[in-house]
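In: here's my sequence, what's the structure:
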Amino acid sequence: MEKNSKIYVAGHRGMVGSAIVRELERQGYHNIVTRTHSELDLTRQEAVERFFEQEKPEYVFLAAAKVGGIVANQNALADFMYENMVLEMNVIHAAWQNGCKKLEFLGSSCIYPRMAPQPMKEACLLTGELEKTNEAYALAKISGLKYCEFLNRQYGTDYISVMPTNLYGPNDNYHPEHSHVLPALIRRFHEAKEQGAERVVCWGDGSPLREFLYVDDLANLCVFLMNRYSGNETVNAGTGKELTIKQLTELVARVVGYTGRIEWDLTRPNGTPRKLLDVSKATALGWTYKTELEDGIRLAYQDFLTNPVRAER
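Out: Numbers count the residues shown, from 1 in each chain. Next up is the predicted model:
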């Protein structure tokens, strides 16, 4: 990408999209195109086609998505599959129709089989059954990355995909029911501290292993790959480090300053037992993460405290 290249960031108000905009601006890219949902509904094919015909972006970061935690995914299976699949297809197809030089599709590590060998390599895609609690979202994301691959094979496009591990950081969603585990814990422990609660109850037994990547590190990788990587196989984005959910809850409680008891509700689901990405491909390309988990959680907690809209939604 040139510094004056016309770059469209789809989903710029979300956690990932806003981080990509920050990273692009930090690196001196100044011709960035964005649209809010009210300005452009990506699930409306005609509107998306009209936007691409008018703007003709040279590069596209497709970070727009309908996202949520276990509860949201289980309660809205059809919505997660339909909205994500439709908006992905609309954007990718319109980019191809209008001669976009390069597109980068943002997916999720949930695309990999539930019991995939750990750490999960990019090649393990579609080698086993998906985790049922987020199957609809995973299927939509698999469809998006495969469409990019098929366009490359059939038409010679240069469309790439990136599969991040669990993300957190500025502009996260702290909703008590619809958020992911780390921001949900930040809110829960903060409110427990404010209310003087003696205990906080967490889901499952705390045994699942998870990996977390600070969103600004992901954004740095996204720009890095847009400039330096081409290929049909996706690229994993993570740290290569993991911890149990129990260890995570204790870490978040310490950062927030909550000193009460942590108890576990064994009637609630754990989700996938282990999710660790093999990040050797990104490492071989010359990239590595920068933000350690405790430092990132402190930054995320400050974001929670200074963004009341994020905290309340």
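In: use CA for all of it now, contacts and neighbours both
Out: Fine.
In: what's the burial count for the residue nearest to residue 257 when sequence neighbours are not counted?
Out: Take residue 257 and drop its neighbours on the chain: the residue closest to it by Cα to Cα, 6 or more residues apart in numbering is residue 193, 7.2 Å away. Using other Cα atoms under 10 Å, residue 193 has 19 neighbouring residues.
In: buried residues in the host helix or strand of residue 193?
Out: Per DSSP states H and E: residue 193 is located in helix 181-195. For helix 181-195, a neighbour-count test (16 or more other Cα atoms under 10 Å) marks 181, 182, 183, 184, 185, 186, 187, 188, 189, 190, 192, 193 as buried.
In: got it, and stretch 152-165?
Out: Quick answer for stretch 152-165 (16+ other Cα under 10 Å): 152, 157, 158, 159, 160, 161, 162, 163, 164, 165.
In: again, but for stretch 30-43
Out: 30, 32, 34, 35, 42, 43.
In: one more: stretch 10-30?
Out: Buried residues in stretch 10-30, counted by 16+ other Cα under 10 Å: 10-24, 29-30.
In: in strands only, show me those.
Out: Cross-referencing those against strands under DSSP state E gives residue 10.
In: among the buried residues of stretch 10-30, name the ones in helices.
Out: Members of the buried residues of stretch 10-30 lying in helices (criterion: DSSP state H): 15, 16, 17, 18, 19, 20, 21, 22, 23, 24.
In: what's the closest of the residues you listed to residue 90?
Out: residue 17 (17.6 Å; Cα to Cα).
In: all strands of the stretch 1-150 of the chain, in order?
Out: In the stretch 1-150 of the chain, the strands defined using DSSP state E, counting those that start in this stretch lie at 7-10, 32-33, 59-62, 102-106.
In: what mean pLDDT does the third one have?
Out: What that stands for is strand 59-62. Strand 59-62 comes out with an average pLDDT of 98.
In: give me the contacts around it.
Out: 1, 5-11, 17, 88, 91, 95, 100-106 (Cα atoms under 8 Å, 6 or more residues apart in numbering).
In: so what's the gap between it and the chain middle?
Out: 15 Å (Cα atoms, centre = their mean, to the nearest Å).
In: that strand pairs with which strands, parallel or anti?
Out: strand 7-10 (parallel), strand 102-106 (parallel) (DSSP bridges).
In: equivalent analysis for the second one, please.
Out: Each strand pairing with strand 32-33, determined using DSSP bridges, is listed with its direction: strand 7-10 (parallel).
In: figure out how far the strand it pairs with is from the centre of its chain.
Out: For strand 7-10, the distance to the chain centre is 16 Å (Cα atoms, centre = their mean).
In: could you do stretch 10-25 as well?
Out: 11 Å.
In: pull out the buried positions in stretch 238-257.
Out: Neighbour-count burial for stretch 238-257, counted by 16+ other Cα under 10 Å, picks out 238-242, 244-246, 248-250, 252-253, 255-256.
In: quick one: average confidence on that stretch?
Out: 97.
In: so which of the buried residues of stretch 152-165 sit within strands?
Out: 159, 160, 161, 162, 163, 164.
In: in stretch 127-146, what counts as buried?
Out: Quick answer for stretch 127-146 (16+ other Cα under 10 Å): 130-131, 133-146.
In: one more: stretch 115-126?
Out: 115, 116, 120, 121, 122, 125.
In: local confidence estimate at the third one?
Out: In the prediction, the pLDDT value recorded for residue 120 is 96.
In: show me the contacts for residue 265.
Out: 201, 202, 203, 204, 205.
In: residues contacting the fourth one?
Out: With contacts defined as Cα under 8 Å, 6+ apart, residue 204 is in contact with 264, 265, 266, 267, 268, 269, 270.
In: let's see it at 10 Å
Out: 245, 246, 263, 264, 265, 266, 267, 268, 269, 270, 271 (Cα atoms under 10 Å, 6 or more residues apart in numbering).
In: which residue is the nearest non-sequential neighbour of the first one?
Out: With Cα to Cα, 6+ apart as the measure, residue 206 is the residue that lies nearest to residue 245, at 4.8 Å, once sequence neighbours are left out.
In: ok, the nearest residue to residue 87 once chain neighbours are set aside - contacts?
Out: Spatial nearest neighbour of residue 87, excluding adjacent residues (Cα to Cα, 6+ apart): residue 43 at 4.6 Å. The neighbourhood of residue 43, defined by Cα under 10 Å, 6+ apart, consists of 37, 82, 83, 84, 85, 86, 87, 88, 89, 90, 91.
In: buried ones among those?
Out: The buried subset of the contacts of residue 43 (16+ other Cα under 10 Å) comprises 82, 83, 84, 85, 86, 87, 88, 89, 90, 91.
In: what's the burial count for residue 219?
Out: Applying other Cα under 10 Å, I find that residue 219 has 20 neighbouring residues.
In: ok, now residue 228?
Out: What residue 228 shows, counting by other Cα under 10 Å, is a neighbour count of 11.
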